[in-house]
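# Here is my input, please return the structure:
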Amino acid sequence: MSVLICKNVSSEGPGTIEDYLRPKGISYTIVDLSVGEPLPVEMGLYDTLVMLGGPMSVNDDLRYIRDEEALVRDFAAQGKKMFGICLGAQIMAKALGAQVRKGLGTEVGWLPIKFSEEGLRDPLIQGLATHPASEVIDRAIPVFHWHGETFDIPAGAVRLASSELYQNQAFRYGKSAYAFQFHIEVSERIIYDWMAGENIDMNMLKADTNRYFDIFRKRAFVFYEKFFGQSNN
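Numbering: from 1, shown residues only. Reported below is the predicted structural model:
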């Protein structure tokens with residue numbers, strides 16, 4: 001396996017994704033498109049594409065976002081694995097023919113998502129939903145958010161999760177392409193770096209992070225194990 005990780009801004013990720021991949025010995029390449037780093041020439045070497053977040057809109061006229069949309073269509077045509085987070089999820093949605101637009105409001109901090117029935121039948125989402133201590137499958141869990149735009153579900157895709165403001169929090173396309181509006185990849189350091197200077201109650205953020213992060217990270221690693229370990233077929 002070889003994973004291509006596309007960064008859309010230097011401060012976003014790959015966070016706990018890299019924490020998972022490195023000790024597993026899984027080959028990965030990180031490309032920071034926001035500073036002009038080029039995509040690899042030999043794209044055929046990569047069987048998995050990961051696209052991270054960013055403060056820009058997928059509808060902005062940025063060449064590298066158009067390049068990522070082309071990558072999505074190419075990976076989808078070959079049945080390769082894809083994982084989009086926040087802006088990366090929106091890039092996937094748009095590349096697959098869906099609309100991306102402003103949401104009803106912003107979601108920032110630790111807020112719940114609720115898994116759909118289809119989501120709870122998905123083996124990877126079941127892993128995310130299963131509490132690592134009790135092994136109970138939770139229908140709703142707290143996750144970390146920072147976004148103000150939303151996407152429609154592409155034709156042929158399956159909605160996996162929703163939130164109070166955002167009906168579409170996650171989808172699966174085909175058997176091995178997943179898109180999450182929320183930030184599964186955050187570390188505690190990333191959360192505090194992002195929120196420094198933002199108009200947010202830092203005492204509440206720290207209390208919520210202390211309460212939720214350890215379990216959230218364990219859930220994320222179960223998802224990573226299933227996603228990066230699954231076959232493309």
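
# Compute the distance between residue 6 and residue 151, please.
17 Å (Cβ to Cβ, to the nearest Å). From N, CA and C alone the C-beta is placed, and that goes for glycine too.

# Those two: who's more crowded?
For residue 6 versus residue 151, the count of surrounding residues by other Cβ atoms under 10 Å is larger for residue 6: 28 against 25.

# Next up, the contacts around the more buried one.
By Cβ atoms under 8 Å, 6 or more residues apart in numbering, residue 6 lies in contact with 31, 33, 39, 49-52, 68, 71, 88.

# From residue 135, how far out is the residue nearest to it when sequence neighbours are not counted?
The shortest distance from residue 6 to any non-neighbouring residue, by Cβ to Cβ, 6 or more residues apart in numbering, is to residue 51 (4.7 Å). Per Cβ to Cβ, residue 51 is found 31 Å from residue 135.

# who's more crowded, the two?
More crowded of residue 51 and residue 135, by other Cβ under 10 Å: residue 51, with 30 against 7.

# Is it correct that the more buried one is in contact with residue 69?
No: contact between residue 51 and residue 69 fails when scored by Cβ atoms under 8 Å: they sit 9.9 Å apart.

# between these two, what contacts are shared?
residue 91.

# okay, who's weakest in the contacts of residue 6 by pLDDT?
Minimum pLDDT for the contacts of residue 6 is recorded at residue 39 (92).

# Next, the contact list for that one, please.
4, 6, 31, 33, 67, 71.

# mind listing what's buried in the helix or strand that contains the second one?
In this structure, residue 6 sits in strand 2-7 according to DSSP states H and E. Within strand 2-7, the residues that qualify as buried by neighbour count (16 or more other Cβ atoms under 10 Å) are 3-7.
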